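**Q** Give me a model of this one.
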Amino acid sequence: MAPSTRLVALAIVVAAVDAAPTIREVHHLDTTAPSTCCTTTTPAPGSPVVVRRNILDLTSEEQSRFLSAIEKMQEPGYGGPFQMMEALHGHGPEAACIHSAKNFAHWHRIYLHLFEVKLQDAYEELYGSRNISIPYWDSYSLWLAQDTDSVFFFKSDVMPQAHALGAKANIQNLWGPTTPTESNAKKFYGKGFEMCKKGNCATPDKTLGKLWKHKSWPSMLGYLEMFVRDDLTWNGILTQLENIHNTPHLAVSGPMKPLPVAGIHIYFWLHHSAIDRLFESFIQRRIAIDGDVSVLEAEMAAGTGKNALWTDWLDPFLKADGSQWTMSGTHFRTSTTGTTRFSPPTTFTTRSFTIRRLGRRRCRAGR
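**A** This next block holds a predicted model:
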């Protein structure tokens, strides 16, 4: 297919996804007791469904309430809900995240589910409601549309609140009184990190200010094109999904770049919500093509050798009955944990870009 034809196809197919009546994902509001570290809870009957929305569409009050719930999660410090979840992604002996493997998207789906439950625990304590979700940062649509005037995704009156999350005192409260031994953690433990230049949120810090100039952005269109092929397969999109995941990590830089500490940056959670949204769009398109999710699940389960991960434990995540979460349980055809709806994906602007493959990253542990 010629490049111009591929670009038109990309716009058409994503527009079709945009028109899909419901985009379903991993999460259901839970009205039972606050969650433990790594065990999901069974939703109460009739629990309401939340919507993961674009961070740019939230009002100042909604953004501030989201950040206040994050602050509440961080308040207990080391061993508290935020630090527990951040550590699972790659910092400290608890590190368990999966990258460069066929269950990458599935592990992160359950990870976000648990984080979102803890976010709702905090939000309920503050506001008496569990109607909160992890917003998403639609970085690839912004870049393809060249809507890159700002590197701040919180409104101007809310940005100082987001900036304060990187303060040295806050990071040290999260990681406890002992300086971490992992080199990246040690660096940010000693000085924190900035999003605003010297605390002035009229101007970004020089590192974040280079976000849209990173050399990996031109690869984005080539990766996204894999999602609109007629022969849309799990093997075909897996590497591209992780490459799309890598680009914003590298571009935001600061603590977002080194995997062991990426979870301390608020953009990490917005970004991973967007990646889960893209994963769900793929699932929904395959259901539209195949008629049922079972065809895709059989394809995923057909892996052999090192790819035979269908029934492998997504360590350390457990279901409410004590059984292990695996890839086979994360498409929620039976809604065992309910659903979260995403506000629909946007249409990509068609442009010509150079395609370049990114390197892969792996989890590392050490505290």
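**Q** give me phi/psi at the spatially most central residue of the chain?
**A** What sits nearest the mean C-alpha location of the chain, by Cα atoms, centre = their mean, is H272, with 1.0 Å. Backbone geometry at H272, expressed as degrees, to the nearest 10, gives phi -70, psi -30.
**Q** pLDDT score for the nearest residue to P204 once chain neighbours are set aside?
**A** Distances taken as Cβ to Cβ, 6 or more residues apart in numbering put V151 closest to P204, at 4.9 Å, once the chain neighbours are dropped. No exception for glycine: its C-beta is placed from N, CA and C like everyone else's. What the model reports as pLDDT for V151 is 96.
**Q** Pretty sure T207 is one of the things V151 touches, is it not?
**A** No. Contact criterion Cβ atoms under 8 Å: V151 and T207 do not qualify, at 9.8 Å.
**Q** Contact partners for the residue nearest to the centre of the chain?
**A** Contact partners of H272, counting by Cβ atoms under 8 Å, 6 or more residues apart in numbering, are H108, Y111, L112, I134, H245.
**Q** What is the burial count for T181?
**A** Residues lying near T181 (other Cβ atoms under 10 Å) number 10.
**Q** how close does it sit to G192?
**A** 18 Å (Cβ to Cβ, to the nearest Å).
**Q** Helices of the stretch 201-350 of the chain, start to end?
**A** In the stretch 201-350 of the chain, the helices defined using DSSP state H, counting those that start in this stretch lie at 220-225, 234-252, 266-290, 293-301.
**Q** related to what we said a few turns ago, closest to Q146 among the contacts of H272?
**A** Comparing the contacts of H272 against Q146 with Cβ to Cβ places H245 closest, at 21.3 Å.
**Q** Once you drop chain neighbours, what's closest to K155?
**A** Closest to K155 by Cβ to Cβ, 6+ apart is S60, at 4.8 Å.
**Q** on that earlier part again, who wins for proximity to G77 among the helices of the stretch 201-350 of the chain?
**A** Nearest to G77 among the helices of the stretch 201-350 of the chain is helix 266-290 (17.1 Å), distances taken as Cβ to Cβ.
**Q** tilt between the closest one and helix 293-301?
**A** Per axes from the mean of the first three to the mean of the last three Cα atoms, to 10 degrees, the angle that helix 266-290 makes with helix 293-301 is 110 degrees.
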